[in-house]
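1. pasting the sequence and the predicted coordinates here, then a few questions.
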Amino acid sequence: MDLGKQMLGRRQVLPAVPYLLHTVQVEGTFVDGTKLITVHDPISLDDGNLELALHGSFLPVPSPEKFSGGDVEDCPGEVHYSSGRIVLNLHRRALTLKVVNKADRPVQIGSHYHFIEANPYLVFDRKRAYGMRLNILAGTAVRFEPGDSKSVTLVSIGGHKVIRGGNGIGDGPIDHSQINEVMQKVIANNFGHEDYPDAREGLIGDGPFDCTVDREKYASIYGPTTGDKIRLGDTNLFAQIEKDFSVYGDECIFGGGKVLRDGMGQATGYPESSCLDTVITNAVVIDYTGIYKADIGIKGGLIVAIGKAGNPDVMDGVHCNMIVGVNTEVIASEGMIVTAGGIDCHVHFICPQLAEEAIASGPAHGTCATTCTPAPSQMKLMLQSTDQLPINIGFTGKGNTAKPEGLAEIIKAGAMGLKLHEDWGSTPAVIDNCLSVAEDFDIQVNIHTDTLNESGCVEHTIAAFKDRAIHTYHSEGAGGGHAPDIIKVCGVKNVLPSSTNPTRPFTSNTVDEHLDMLMVCHHLDKNIPEDVAFAESRIRAETIAAEDILHDMGAISIISSDSQAMGRIGEVITRTWQTANKMKVQRGRFPGSGDSDAAQDNDNLRIRRYIAKYTINPAIVNGFSDFVGSVEVGKLADLVLWKPSFFGAKPELVVKGGAIAWANMGDPNASIPTPEPVVMRPMFGAFGKAGSSNSIAFVSKVAKEAGIAMEYKLDKRVEAVRGVRCLTKLDMKLNDALPKIEVDPETYTVTADGEVLTCQPAPTVPLSRNYFLF
């Protein structure tokens, strides 16, 4: 194991890698069989032993001078702690007792174990200990070696003050008028007891009985708390926790000797109907609604409550809908970030493997809409072929026709919206007709406008909208649209604009990659001058640069992929945060949230604005925000768990409808789950009928009412989209800006309310090589 730490040093890897790679585990076959090897801190030297690293490879061993090493970087996922210490179990009654272990074996008592129920060989004043537990960090313990004599501080249990479990000595609600009966059980069962008249009593908060902890230690056990700031991945963005629903001292911790055990953090005697199916404990939630820490309660595949979970019989502050019982599973997320599952609302379903790529990166927990499915038979095929995939899904029909005939049929077949694409002709007559039909069926229209300006310019297309709601794809234009000024639509009230991710953010190589990308996607011929001119007219550094700033202003509401058709489905989330990072570098910090001076150096508003772009806003635009798109009560439990150091790059675990569908998982033959190779793999929530039972197929209202679920024999829950025809830009969460945008047709200079929008291409971006080269 020691040799493993000598192979590579800090100068042989990228600067952030030592912070990201804490442990490497492999299972090797030795002469005595398969054994686990663990290398702690594998990158701990300045220079590694390259001869050892390349042993057996037959490759030449380079000189150490070849490696200059990089500049020391800020630690990805680091926490900046707020000042002060945390007092546990504040304002509760406390007392100090002497305890002697008369056993010949060690005895260890956990924080929430009812102390009166402790091992019979422990001798202490059990009468005074009635209704008390140890005043220590939740999930920790006090160990009594044989013959030990030590003083401990006890604190009264919280909640309804009901004792369950243990040895059954004090079973029932605490009633001091019945203490003599309790003590009779103590004596009858030969439990060690000795009066301790010198016991000191008081209240937590008065000083002598206080158990306090510094914030760094607290965060190492339960994750950061109110006021602490977390760096997101290796970006320059810091999320500050605005509120923590925890009751300090009563945190829910799962594991051996921890809190969530029978009669302690796990309630006893509650029926299944009263308890959660699953609880995600101590999660830092990053959502458009806010940045806070809480437990998340799941039942029936839905988020039923957010707040404090646990056992209301012994804990204070437990939400009435968040009881942890014998039927409750626990997903421990201490130190983790939880977000809503991403939604990609611009997906060309060119191959079925897109779904796997998407879910492994965090998206596909919302609708993935093909662009587009024209025939009713094809709509049936797509809904059936994706029925077992563990993603929510919906498909759009082709809307390119100047007459209504044919559109009703695809909508009734299950289309959740219609798509207008310039490759099929996005003329004013087509736009007007498509929107008229959409108004009748309450579905969204998504448009890729006319790059050629063949039937008119951007102002003529806007006029054809006639103030009706419409979702404009790749609103900057590199992905397609009126050249050079389609970006003007981002200032129109009835337009709901989005971007596709190849132009997110504007970097030094953005323009160079686009020409060949475009030629392939639109079946253009490099030998035809007009085709080349068509392609070149769409790629403009000036408007791509302006797109960055419009996102930061909140004038572009959504980021999507345009998968395999000028977009990368696995990079929606990554490129969203790369854009936010770049804008902070070039435009500075947004005003912070909170009242104190210390709260002014967070990035909460910018973080909430950007996460809304791939969660709640695409859900609103497409008419299914009642079901998914945010971490809110009543919505499907589609959640993504991230290590802060890997946030935005590689999720740790994906929960789909309350079931774990995808997760980082090691060698299936290994003795534990963590030996290499550790990769994102499908879990039980993705197999068999689990994927369909925890997911939704979104269709039009008329299709749902016609019973296509039964007709197509779909296992997925089928829901109708709704409420999209009345939408405006003002309905976009934290992304509702309406600047007046102009574009110079010769220089492509973009202005918003008279201000020139320009920025430099980023030479480097975070969430890239640090995560995808090792």
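-> In hand now; what should we look at? Keep in mind that this is a model prediction, so the values were computed, not measured.
2. center of the chain - which residue?
-> For the chain, the residue nearest the mean C-alpha position is Thr339 (2.6 Å; CA atoms, centre = their mean).
3. and that residue, what is it in contact with?
-> Shown in contact with Thr339 (CB atoms under 8 Å, 6 or more residues apart in numbering): 285-287, 362, 611, 615, 631, 639-640, 642. The C-beta positions use only the backbone N, C-alpha and C, and glycine is treated the same way.
4. hmm, 6 Å instead?
-> Applying CB atoms under 6 Å, 6 or more residues apart in numbering to Thr339 gives the contacts 286, 640.
5. and it, helix, strand or coil?
-> At Thr339 the chain is in strand, as set by DSSP: H, G, I helix; E, B strand; the rest coil.
6. could you do Gly317 as well?
-> Judged by three-state DSSP, the three-state class of Gly317 is coil.
7. contacting residues around it?
-> So, once contact is read as CB under 6 Å, 6+ apart, Gly317 ends up touching 247, 308.
8. against Pro390, how distant is it?
-> According to CB to CB, to the nearest Å, Gly317 and Pro390 sit 34 Å apart.
9. wait, isn't Arg504 in contact with Thr579?
-> Yes. If you go by CB atoms under 6 Å, Arg504 and Thr579 touch, sitting 5.0 Å apart.
10. between the two, which one's more packed in?
-> Comparing Arg504 with Thr579 by other CB atoms under 10 Å, the one with more neighbours is Arg504, at 31 against 26.
11. chain neighbours aside, what residue packs nearest to the more buried one?
-> Leaving aside its sequence neighbours, Arg504 sits nearest to Arg575 (CB to CB, 6 or more residues apart in numbering; 4.0 Å).
12. wait, a strand at the one you found?
-> No. Read with three-state DSSP, Arg575 is helix and lies in no strand.
13. what about the protein, any weak spots by pLDDT?
-> Within the chain, the stretches with pLDDT under 70 are 70-72, 363-371, 592-600, 773-774.
14. which non-adjacent residue is nearest Met583?
-> Nearest residue to Met583 in three dimensions, chain neighbours excluded: Asp552, at 4.1 Å (CB to CB, 6+ apart).
15. separation between Ile187 and Val87?
-> Counting by CB to CB, the gap from Ile187 to Val87 is 37 Å.
16. who's more crowded, those two?
-> Per other CB under 10 Å, whichever of Ile187 and Val87 has more neighbours is Val87, with 15 against 10.
17. looks like the more buried one contacts Thr212 (just checking).
-> Yes. Taking CB under 6 Å as the definition, Val87 is a contact partner of Thr212 at 5.2 Å.
18. hey, where'd the strands end up in the stretch 551-700 of the chain?
-> Along the stretch 551-700 of the chain, counting by DSSP state E, counting those that start in this stretch, strands occupy 558-560, 639-642, 653-656, 659-665, 679-682, 696-699.
19. between those strands, which gets nearest to Ile486?
-> Closest approach to Ile486 among the strands of the stretch 551-700 of the chain (CB to CB): strand 558-560, 15.3 Å.
20. roughly how far out does that closest one sit from the chain middle?
-> Distance of strand 558-560 from the chain centroid (CA atoms, centre = their mean, to the nearest Å) equals 16 Å.
21. same check on stretch 456-468?
-> Mean C-alpha position of stretch 456-468 versus that of the full chain (CA atoms, centre = their mean) differs by 37 Å.
22. now Val718, what's its secondary structure?
-> Val718 falls in the strand class when you classify it by three-state DSSP.
23. quick check: nearest residue in space to it, chain neighbours excluded?
-> Leaving aside its sequence neighbours, Val718 sits nearest to Ala709 (CB to CB, 6+ apart; 4.1 Å).
24. buried ones in the host helix or strand of that neighbour?
-> Ala709 belongs to helix 708-711 when assigned by DSSP states H and E. Of all the residues in helix 708-711, those buried under the rule 16 or more other CB atoms under 10 Å are 708-709.
25. ok, residues contacting it?
-> Everything outside helix 708-711 that qualifies as a contact, by CB under 6 Å, 6+ apart, is 414, 718.
26. ok, now stretch 287-306?
-> Here stretch 287-306 makes contact (CB under 6 Å, 6+ apart) with 239, 241-245, 276-281, 283-285, 307, 309, 319, 321-322, 604, 608, 611-612, 616, 630-631, 633, 635, 637, 657-658, 694, 733-734.
27. among those, which are located in helices?
-> Secondary structure from DSSP state H places 604, 608, 611-612, 616 of the contacts of stretch 287-306 in helices.
28. of all those, which comes closest to Leu14?
-> Lowest distance from Leu14 to the ones in helices among the contacts of stretch 287-306 (CB to CB) belongs to Ile611, with 26.5 Å.
29. so who does the closest one touch?
-> Tyr288.
30. how close does it sit to Ile291?
-> Ile611 sits 9 Å away from Ile291, taking CB to CB as the criterion.
31. shouldn't Leu52 be within a strand?
-> No. Leu52: not assigned to a strand; according to three-state DSSP it is helix.
32. give me the number of residues near Glu405?
-> Using other CB under 10 Å: Glu405 sits among 9 other residues.
33. what's the helix or strand for it?
-> Assessed by DSSP H and E, Glu405 sits outside every helix and strand.
34. so Leu653 makes contact with Ala663?
-> Yes. Assessed by CB under 6 Å, Leu653 is found in contact with Ala663 at 4.4 Å.
35. what's around Lys729, how many residues?
-> By other CB under 10 Å, the residues close to Lys729 number 21.
36. do Ala53 as well
-> With neighbours defined by other CB under 10 Å, the count for Ala53 comes to 15.
37. can you name the residues that contact it?
-> So Ala53 contacts 7-8 (CB under 6 Å, 6+ apart).
38. I'd like the distance between it and Leu59.
-> Per CB to CB, Ala53 is found 10 Å from Leu59.
39. now do Lys398
-> 54 Å.
40. neighbour count: the two, which is higher?
-> Higher neighbour count among Lys398 and Leu59: Lys398, with 21 against 10, using other CB under 10 Å.
41. any chance you could map the strands in the stretch 51-200 of the chain?
-> 79-80, 85-87, 93-101, 107-110, 122-123, 132-134, 141-144, 149-156, 162-163, 172-173, 200-203.
42. partner strands of the first one and their direction?
-> Here strand 79-80 has these sheet partners by DSSP bridges: strand 229-231 (antiparallel).
43. now do the strands in the stretch 201-350 of the chain.
-> So, for the stretch 201-350 of the chain - with DSSP E, counting those that start in this stretch - the strands run 212-214, 229-231, 238-240, 278-287, 290-299, 302-307, 329-332, 337-340.
44. next, Gly257: phi, psi?
-> phi 70, psi 10 (degrees, to the nearest 10).
45. show me what the residue lying closest to it once chain neighbours are set aside bridges to in the sheet.
-> Once flanking residues are discounted, Gly257 sits nearest to Gly110: 4.7 Å by CB to CB, 6+ apart. Note on Gly110: beta-bridge partners by DSSP bridges are Ala141.
46. just the buried ones out of the contacts of stretch 287-306, please.
-> Buried among the contacts of stretch 287-306 by 16+ other CB under 10 Å: 239, 241-242, 244-245, 276-281, 283-285, 307, 309, 319, 321-322, 604, 608, 611-612, 616, 630-631, 635, 637, 657-658, 694, 733-734.
47. contacting residues around stretch 665-681?
-> Residues from elsewhere that reach stretch 665-681, judged by CB under 6 Å, 6+ apart: 25-27, 36, 360, 662, 664.
48. show the buried residues in those.
-> Judged by 16+ other CB under 10 Å, buried ones among these: 25-27, 360, 662, 664.
49. any chance of a markdown table for those residues, columns distance to Ile296?
-> Below are the buried ones among the contacts of stretch 665-681 laid out as a markdown table (distance: CB to CB, whole Å):
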| residue | distance to Ile296 |
| --- | --- |
| Gln25 | 29 |
| Val26 | 34 |
| Glu27 | 34 |
| Ala360 | 22 |
| Trp662 | 18 |
| Asn664 | 20 |
